[in-house]
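# Sequence and predicted structure below; questions after.
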Amino acid sequence: MATTAVETAGTIRVPDQVCTFWVDGLFLGIAVEQVQEVLRGQPMTPVPRAPDAVRGLINLRGQIVAAVDLRRRLGLSLDGRDEPLNVIVNSRGEVVSLLVDDIGDVLDTQGVNVVPVPTNLPAPVQEVVTGALPLPGSILLLVDADHAIDASAAPALAVLPQPDHSNGGTP
Amino acid sequence: MDDDAEIVAEFLVESHENLDQLDRDLVALEQDPTSRDLLSSVFRAIHTIKGTSGFLAFGRLEQLTHVGENLLARLRDGQLQLDSELAGTLLRLVDTVRDLLASIERTGTDTDPAVSAEAVAAELERALSGPPADAVPAEIEAAEAAPVADEPVAAEPEPEPAPETPDEAGAPSIVDATVRVDVELLDSLVQMVGELVLTRNQILQRCDDSADVELVRASQRLDLVASELQEGVMRTRMQPIGQVWSKMPRVVRDLAHQLGREVDLRMEGHDTELDRSLLEALKGPLTHLVRNALDHGIEPPEERAAAGKPPAGSLCLRAYHESGQVVVEIADDGRGMDPVRIGEIALARGVVTPETLRRMEPRELLDLVFRPGFSTAATITNVSGRGVGMDVVRTNIDRIGGSVDLVSSPGAGTTVRVRIPLTLAIIPALVVGERGERYAIPQANLVELVRLDGDDLAQDLEIVAGAPVLRLRGRLLPLVHLGEALGRPRTEDGAITVVVVQADESRFGLCVSEVHDTQEIVVKPIGRQLRGLPMYAGATIMGDGRVALILDVAGLAPPPSAVVAEEAAGTAQAATDTVSLLVLESMPGHRAALPLGSVSRLEEFPASAIERTGRTEVVQYRDGILPLLRLGTLVGLDESVVPREPDARVSVVVHDGPYGLVGIVIEKVLDVVEQQCVPTDVGRRAGVLGSAVVQGRVTELIDLDAVVGNLAVLAGVA
């Protein structure tokens, strides 16, 4: 059915192995080398005035890590969810936790055909997902960790008045 | 002398490193005699030693390295070819230099006769003068060369008869006593110790109510060890302030030259240590202060002579530890600062209003030099006086949690005192609670804690046009509800706790629902996602392992419209600058505005409390008598139209001016605004400067001086 899709798949980098997880019924995956670890519920400190998707800060063995709620980030429903899991990812030298519903297997994706993301997916999903893997029985969406945690800062922040702190440099 | 010893020690460490490199390079050179890189490296190493030894007056060492340098220059420029014989000579040079260094370390001089520096020098000379047919054994030369030595060798009886092998001697040499460590490693150590301290806190908390004696004992031991470890690791990041000071003699010399001053520079406390990041941050401000002292402080020699001072001014830099802080003093004996003159300048530059100025004490006047846009330089020089100056110094020092103040007496000099914390990684903070979450406020920003309940709350807390303001010892302190600032609905209860904080120039009260305690916290960065939030300075981990946010007080400061403050409000004359105005009704329906800076309090009295003495209306106020002036009457509006009931309330603006406290009776307070104000002459008359459009409505600008002046008239008549 997707035969008319323009073949841009060549530009999508496919990781050899993908760590998979579910967020509100979506089957998602991140390159294994970007995932540091997966943790069960952690005590979370909320950050008032933070971007919507940032649920709070957790203490990861002494390192303070922001937790980005993928449900909010992807604009999905917040109903009917148990305690989320923390997928700790390493993006551009920064460690961030992605909150997901459930964790899946690590899939070997070598040689699997990657197709462009269907254009009718909601915009927030398009932003974060770089490609789709049509597997038998399910469609795995590849999440770009950098995008997932990066753009989350943009929307909610713009509303905040930013006091001017530029005090000039040294003379 | 101490300083010299330190410099020598540094020289020794550095030279030994250079020599080790030299050894390796020379051996490599033998394999590859034409490598220009290697030759240059060898040349540089010897050149460095030569330079420093000359500077430190080690004549023998200098001579030896000088000859060596010449030879190496020839080699480098290709005039000579390195062969194994020449390499041997050079290696002997390295050994001899090493011996001389050892002698310096032992005795403080390079005159040890056991070291045959001159023999080696002669050997080098010979190599220089051309390749001889056969190598003359050095020993023979040594006999000839020794008498040539320009150092009084004989006059220096060595207490210890030249130790056989100084290298293998028992005492560790200075080189072995220090280690160079990567700064990153140190930083990560500091971080880990921070973790350890937190973990210790957690364990201590749990052990407090444990019945297990062994566990309690172990935890106490852990407590002790962790504390000591923390202290030790923090010390590794410490560096002596001498590092910054070593550059000062040159700076002072050049400046003195440029400005035609004579300056005696004295420096004390070189070994006062502080965290390396702070040292870095201190460099700029310190240089600036020294420049200021030379440019504005110390007078030219003629002027000094005329004032009966020695022609050379004295500049003293002093550093010392005081109650967990580092204090750096920059003191000169120059012309000092005249508070009156500073006040005049501040007024002329629009930094303060006449009203504020009149209320300022000399100390506060001096403080004006730290205001942006203030510069006392009569002429703009390229040294200082570009309008940026002390305010930048203060900003930079503030940024690292320090403070600057100055004392000065006209004619006798100025002392600037900079206080900075020892370290930034671990800071004391007050932990407060809001809606179940904890937040840390750095102690550096704390001024005081005020708890209000019952009557005090009703009396001292005012809502002025929707903005909460606290009456605190005669001042009006803007309040910010922490919960609201963080976007949570406000909770009202019978009492509030106000944390009075200071950030940059603004002081305000932060209303919090709980105050926990003060703690040492480890400052940690928060992620990229949250970096845009101005109200957080970072985060930390509390004793129970949970994350708490550190508040950035500057980021929480109320928006300018609410900054009621000691801040100069600017008068109507200050044309297009924004001004803070108290907007009020002088009579029903008549809008008027006063500069906010001139308002010290807002009061309400029952009309029945107003009494009369002579022609003056007064109320009893704070154990005294407050004369009242009716603003409506004084600005020419008819008062008589409003008959007042005895139980009506009268609004009074209390102004503290040249005639003491005076109450100005107004109809009511409308608002506090900060805006650009373009005054016009419309409506100008006695007591009114003119009118301006404030908040979209024509508002009369009150000439407070003229209004208050009526008091003198009344008093005179009575």
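Done, it's in. Residues are numbered from 1 along each chain as shown, chains lettered A, B, ... in the order given.

# So what does the residue of chain A found nearest chain B have for phi and psi?
Per C-beta to the nearest C-beta, A:P48 is where chain A lies closest to chain B, at 3.5 Å. Heads up, the C-betas are built off the backbone N, CA and C, glycines and all. Dihedral pair for A:P48: phi -60, psi 140, per degrees, to the nearest 10.

# same question, the one 4 residues further on
Backbone dihedrals for A:D52, given as degrees, to the nearest 10, come out at phi -50, psi -40.

# Then B:A458?
phi -70, psi -40.

# circling back: is it true that the residue of chain A closest to chain B touches B:L486?
Yes - counting by C-beta atoms under 8 Å, A:P48 sits close enough to B:L486 to count as a contact (3.5 Å).

# Which residue is it, in the stretch 401-550 of chain B, that comes closest to chain A?
For the stretch 401-550 of chain B, C-beta to the nearest C-beta, closest residue to chain A: B:L486, 3.5 Å.

# Touching, that residue and B:E434? I think so.
Yes - taking C-beta under 8 Å as the definition, B:L486 is a contact partner of B:E434 at 6.9 Å.

# Please enumerate residues in contact with stretch B:12-22?
For stretch B:12-22, contacts defined as C-beta atoms under 8 Å, 6 or more residues apart in numbering or on different chains pick out B:41-42, B:45-46, B:48-49, B:52, B:94, B:97-98, B:101, B:104-105, B:173-175, B:178.

# pLDDT on that stretch, on average?
Across stretch B:12-22, pLDDT averages out at 80.

# what number of residues lie near A:A50?
26 (other C-beta atoms under 10 Å in any protein chain shown).

# Tell me the secondary structure at it.
Three-state assignment for A:A50 (DSSP: H, G, I helix; E, B strand; the rest coil): coil.

# OK, contacts around it?
Per C-beta under 8 Å, 6+ apart, neighbours of A:A50: A:56, A:156, B:529-530, B:533.

# And for B:G494?
B:453-454, B:457.

# ok, now B:Q620?
B:609, B:611, B:626.

# could I have the host helix or strand of it exported to PDB, CA atoms only?
Here B:Q620, judged by DSSP states H and E, is contained in strand B:616-621. Provided in PDB are the C-alpha atoms of strand B:616-621 (Å, rounded to 0.1, in the frame of the first residue of the first chain):
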ATOM      1  CA  THR B 616      -1.100  72.500  61.900                       C
ATOM      2  CA  GLU B 617      -3.000  69.200  61.800                       C
ATOM      3  CA  VAL B 618      -1.100  66.400  63.500                       C
ATOM      4  CA  VAL B 619      -1.500  62.800  64.500                       C
ATOM      5  CA  GLN B 620       0.200  60.800  67.200                       C
ATOM      6  CA  TYR B 621       2.500  58.500  65.500                       C
END
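
# hmm, who's touching the next helix or strand after that strand?
The element immediately downstream of strand B:616-621 (helix or strand, assigned by DSSP H and E) is strand B:624-630. Strand B:624-630 is contacted from outside by B:610, B:613, B:616-620, B:639, B:652, B:654, B:661-665, B:707-708, B:710-711, B:714, using C-beta under 8 Å, 6+ apart.

# So what are the sheet partners of strand B:624-630 and their directions?
Sheet pairing of strand B:624-630 (DSSP bridges) gives strand B:616-621 (antiparallel), strand B:660-666 (parallel).

# quick one: which helix or strand includes B:I330?
strand B:325-332.

# Now the element after that strand, going C-ward?
helix B:339-348.

# same question for the helix or strand that that next one is followed by, mean pLDDT?
Counting by DSSP H and E, the next helix or strand C-terminal to helix B:339-348 is helix B:354-359. Average pLDDT, helix B:354-359: 80.

# Any idea which helix or strand in chain A has the lowest mean pLDDT?
Least confident helix or strand, chain A: helix A:154-157 with a mean of 40, by mean pLDDT, DSSP states H and E.
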